[in-house]
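Asker: Could you work out the structure for the sequence below:
(one chain, ligands or ions: 3)
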Amino acid sequence: MNKRWRIIALWLIPVVVGLGLIWQTAGNRAPVDTAVSSPAESRNVATGRMTYGRFLDSLQEDRVNAVDVFDGGRTAIVETADPDFGHVQRLRVELPGLAPNLLDQLKEKHVSFDVHPPRPSSPVWGVLGNLLLPLLLIGSLIFLARRSSGLPGGPGQAMQFSKSKARFMMEAETGVTFDDVAGVEEAKQDLKEIVTFLKTPERFTAVGARIPKGALLVGPPGTGKTLLAKAIAGEAGVPFFSLSGSEFVEMFVGVGASRVRDLFKKAKDNSPCLIFIDEIDAVGRQRGAGMGGGNDEREQTLNQILTEMDGFEGNSGIIVLAATNRPDVLDSALLRPGRFDRQVMVDAPDIKGRLAILQVHARDKKLAEDLSLESVARRTPGFTGADLANLLNEAAILTARRRKSVISLTEVDDAVDRVIAGMERQPLTDGRSKRLIAYHEVGHALVGSLLQAHDPVQKVTLIPRGQAQGLTWFSPDEEQELVSRAQLKARIMGALGGRAAEQIVFGQAEITTGAGGDFQQVSAIARQMVTQFGMSEIGPISLSSQDREVFLGRDLMIRSEMSNASARSVDEQVFKLVHQLYDDTVALLAEHRECMDRVVEVLIERESLSGEEFTSLVAEYAVLPKKERFTPLLVG
Ligand code: ADP
Ligand code: MG
Ligand code: ZN
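Answerer: Numbers count the residues shown, from 1 in each chain. Ligands and ions are numbered 1, 2, ... in the order given. Now for the predicted structure:
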C-alpha cells in the first residue's frame, strides 16, 4: 500500500467507526414516548418514569404485572397495578443492566416479561449495520496491527506475547562429546547412564525400569555444566533444547509459562531429545520464602515446569537436565521423585582435573616445547574450566600480540596474573608512594618467608593490577587437606605484614588505606579460628551457624542462635588474637629492618622479583626455613 493511501485509510477508520457507532445505537434505541404505529407496539409506550429502587419495591409488593426490556437491557417499560384501585400504569425504568437475579425474581413473582430486539429502521440496513460495525472494527485492528508491527511498543508487539515466539534454543547436533569435558570424572560417570537412557530406552523399559525424567547439575559457574549437558546430547545423538531461568524474572506475567509450554511441545515432537534449563534457581526458588511478596512470573514459570515434567513419562524419550549453583534455595517440589530427583555435583577441578582441562583446550593451540601444562595446572588452584579456557586464550592473544609463533611460559604466566588480578596498569611514577607500596609488599613477603608455617613467596611486584597497587603472591600447598593452627596464625601475620612495615618505616601518622583488603582476610581467618575451629580460649566449640549466605527469611532465625554473651566473647577473642599477632609481626619486621630496606631498594629498581630472587636476597641477612611448593596465593 502506498503512503498516500495509507494516510487516507487512517483517517477513514475513526470516521467510519464513528458513523457505525451512531448507526448502531440509533437502531437499538427504545422507542419511548413515540406514537403507536401498530397494536403490537402499544406496550412500548410509557406514561411516566419510575426509579429502579421503586421498581424493585413494587416487584416485592407484587404490584408489577409485566416488564418489557429494551435497549440491550438498559431500559424497561414496567406495567404496575395498584391493587386497591385497579389502576394500571406504564412507567419507564432505567436498568443498571439485566442482572440474572432480576430475571430470577421476575420469574419467581410470575411477572410476564419480554426482551425486545432493537427495532431496525429498515430490515436490510439493520442487518448490515449490525454486521458492519464489528467488521469495521476487526478490519481496522488488523490494519493497525500490521502497520505498526515494525515499531517498538506498538500493538504488533503486544500481540506476539500470547503467541510467544519460541525463544528457547535448539541445536540439532551439539557436536560436543565427553572428550571435550575434562576434570569432572565423577559427574561424567553419573551422566553416562543418561546417554544410555536416550540411546536405548528399550533396554530399560523391557525389564520394567522407570527411566528418570531429570537430573540436576550442581556446581559453581564455569565448571562445565552447560558443556556436560551438550556432551550428553552429542553422545546420544539427540537434539539439545535449552532455556535459561534468569530470562524470565524480568518478564511479563505469563510469558515464561507459555515459553516452557512451547519448549516441551517442541521437545515432544522431536523426542528422543534433551532439555536443558540453565540457572533454574532463578525461577525455582522456594515459593513464599521471600520477604516482600513473591514474583508471579517466577511462580507461574516454575509451576509450568512442574506441570510439564509431571505430564510425560520418562520412557517418552525426553530427559530434562537443569543447572544451578544454589541447590539449597530450590523449591522442594523440584526435587521430588519424578522430577529432578538425581543430583550430580560438578565441582571446581583439582590439580589433575586442571591438567586434563588444559590438555583439552591446548589441542588447537601451538605450545612451546618446554611449556609444561602440569606447572600451569600447579599455578592455578581454584581455577574453573572456564577460567582455564580463558587463560589459554589470553596466553594465545599475548603471543600473537608479541609476534611470537608459539605460546611460551612467559605468556602463560602473564595470562595467569591477568586472569587472577586483572589487567596490568602503568607503574607509579611518584617516588614516595612507590616507596611506601614497596615496603608494604616486602612486609608481606618477608613475614611470609621468615615464618616456617607460611606458604613460600612466589612473586613480589610493584606493577599495579586491577585494584591493587602492588602484589605479593604466595604458593599454598594444595594437596594439604588439613590446616594447622600455626599455619593459620602465620597467614594472619603475613597479611598483617604490609601494615606493620608501613608503620615501622613511616610512622603511625603515615599509614595508608592500602591494608584494607588485608584486614578483611585477617578478620575472616581469626573469626573462623574462634567460632569454627575451636582455636581460642573459648575452647573446642562451634559457635557459628553454617557459613553460607543468608537466604531471605528462612535463615534469619537460624542466624540468631548465638547468644549476646557468646557474641561478645567471640569478639573479645578475635581482638585479642589479632592484636597479639600484629605485635609479633611488628617485632619480627623490626628485627629484620636492614634486610627489608635492602630488598625494597632492589624491588623499586626492578619492579618485580621472582620467588627465587626474593629468597636469595633475604638469605644474605637471615637463615630461612626450608619450603618447597609451587602454587600461588594472592596477597594485595
Ligand atoms: P557452566 O555452565 O558450569 O557455568 P560452561 O559449561 O558454560 O560452565 O563452561 C564454559 C566454558 O568453559 C566451556 O564452554 C568450556 O570451554 C570451558 N569449560 C568449563 N568446564 C570445562 C571442563 N570441565 N572441561 C573442559 N572445558 C570446560
Ligand atoms: Mg552454564
Ligand atoms: Zn597488603
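Asker: Could you tell me how many residues sit around the closest residue to ligand 1 within the stretch 301-450 of the chain?
Answerer: Residue of the stretch 301-450 of the chain nearest ligand 1, by CB to the nearest ligand atom: Gly385 (2.1 Å). (Each C-beta comes from the backbone N, C-alpha and C, glycine too.) For Gly385, the tally of surrounding residues (other CB atoms under 10 Å) stands at 27.
Asker: Now do the contacts for it.
Answerer: By CB atoms under 8 Å, 6 or more residues apart in numbering, Gly385 lies in contact with Val181, Ala182, Gly183, Val184, Gly222, Thr223, Gly224, Leu227, Pro349, Ile357.
Asker: The longest helix along the chain near ligand 3 anywhere?
Answerer: Looking across the chain with DSSP state H, the single longest helix is helix 564-591. No: if you take CB under 5 Å from the ion as the test, helix 564-591 misses ligand 3, and the best it gets is 12.1 Å.
Asker: Report all helices and strands that the helix or strand that that helix is followed by contacts.
Answerer: Per DSSP states H and E, helix 564-591 leads on to helix 593-606 as the next helix or strand towards the C-terminus. Packing partners of helix 593-606 (3 or more CB pairs under 8 Å, 6 or more residues apart in numbering; DSSP states H and E): helix 431-450, helix 485-506, strand 608-610, helix 611-619.
Asker: Tabulate those (TSV), appending mean pLDDT.
Answerer: Listed next are those as TSV, based on pLDDT from 0 to 100:
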stretch	mean pLDDT
helix 431-450	93
helix 485-506	96
strand 608-610	91
helix 611-619	93
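Asker: And the ones you listed: which comes nearest ligand 3?
Answerer: helix 485-506 (3.3 Å; CB to the ion).
Asker: quick one: contacts of whichever helix or strand comes after that closest one?
Answerer: With elements assigned by DSSP H and E, the helix or strand that comes after helix 485-506 is helix 516-531. Helix 516-531 is touched from outside by 444, 467-468, 485, 488, 491-492, 495-496, 498-499, 535-536, 538, 542-544, 547, 570, 573-574, 577-578, 635-636, with contacts defined as CB under 8 Å, 6+ apart.
Asker: Show me what from this protein comes close to ligand 1.
Answerer: Residues of the chain lying close to ligand 1 (CB under 6 Å from any ligand atom) are 181-184, 221-227, 323, 357, 360, 385-386, 389.
Asker: Give me the subset of those residues lying in strands.
Answerer: Members of these lying in strands (criterion: DSSP state E): Ala323.
Asker: Quick check: closest non-adjacent residue to the residue most central in space within the chain.
Answerer: Closest to where the C-alpha atoms of the chain average out (CA atoms, centre = their mean) is Ser246, at 3.9 Å. Using CB to CB, 6 or more residues apart in numbering and skipping residues adjacent in sequence, the residue nearest Ser246 is Ala282, 4.2 Å away.
Asker: where does the one you found sit relative to Ile305, distance-wise?
Answerer: 12 Å (CB to CB, to the nearest Å).
Asker: show me where the stretch 51-200 of the chain has strands.
Answerer: Per DSSP state E, counting those that start in this stretch, the stretch 51-200 of the chain carries strands over the ranges 64-70, 75-82, 87-94, 112-115, 169-171.
Asker: With respect to ligand 3, which of the ones you listed lies nearest?
Answerer: Per CB to the ion, nearest to ligand 3 of the strands of the stretch 51-200 of the chain: strand 169-171, 44.9 Å.
Asker: Buried subset of the contacts of helix 516-531, written for PyMOL?
Answerer: With 16 or more other CB atoms under 10 Å as the criterion, this PyMOL line picks the buried residues out of these:
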select buried, resi 444+468+488+491+492+495+496+498+499+535+536+543+570+573+574+577+578+635+636
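Asker: mind pulling up the phi and psi values for Gly317?
Answerer: Gly317 has phi and psi values of phi 90, psi 10 when expressed as degrees, to the nearest 10.
Asker: Can you classify Ser242 as helix, strand or coil?
Answerer: strand (DSSP: H, G, I helix; E, B strand; the rest coil).
Asker: and it, how many residues sit next to it?
Answerer: 21.
Asker: Ligand 3 versus the nearest residue to it once chain neighbours are set aside, what's the distance?
Answerer: Closest residue in space to Ser242, ignoring its immediate chain neighbours: Phe276 at 4.2 Å, by CB to CB, 6+ apart. Distance, Phe276 to ligand 3, by CB to the ion, to the nearest Å: 43 Å.
Asker: So what pairs up with Phe276 in the strands?
Answerer: Beta-bridge partners recorded for Phe276 (DSSP bridges): Ser242, Leu321.
Asker: quick one: contacts for it?
Answerer: Thr226, Ala229, Lys230, Phe240, Phe241, Ser242, Leu243, Val320, Leu321, Ala322, Ala323.
Asker: so what's the last one up against?
Answerer: Shown in contact with Ala323 (CB under 8 Å, 6+ apart): Leu216, Leu217, Val218, Gly219, Lys225, Thr226, Ala229, Phe276, Ile277, Asp278, Glu279, Ile280.
Asker: What pLDDT is listed against it?
Answerer: Looking at Ala323, its pLDDT reads 94.
Asker: Would you list the phi and psi of the closest residue to ligand 3 within the stretch 251-400 of the chain?
Answerer: Minimum separation of the stretch 251-400 of the chain from ligand 3 (CB to the ion) falls at Gly382, amounting to 19.3 Å. Phi and psi for Gly382, reported as degrees, to the nearest 10, are phi 90, psi -10.
Asker: go on, Phe383?
Answerer: phi -70, psi 140.
Asker: Looks like it contacts Ala348 (just checking).
Answerer: Yes: using CB atoms under 8 Å, Phe383 makes contact with Ala348 at a distance of 7.5 Å.
Asker: So for these two, which residue has more residues nearby?
Answerer: Phe383 (24 against 20).
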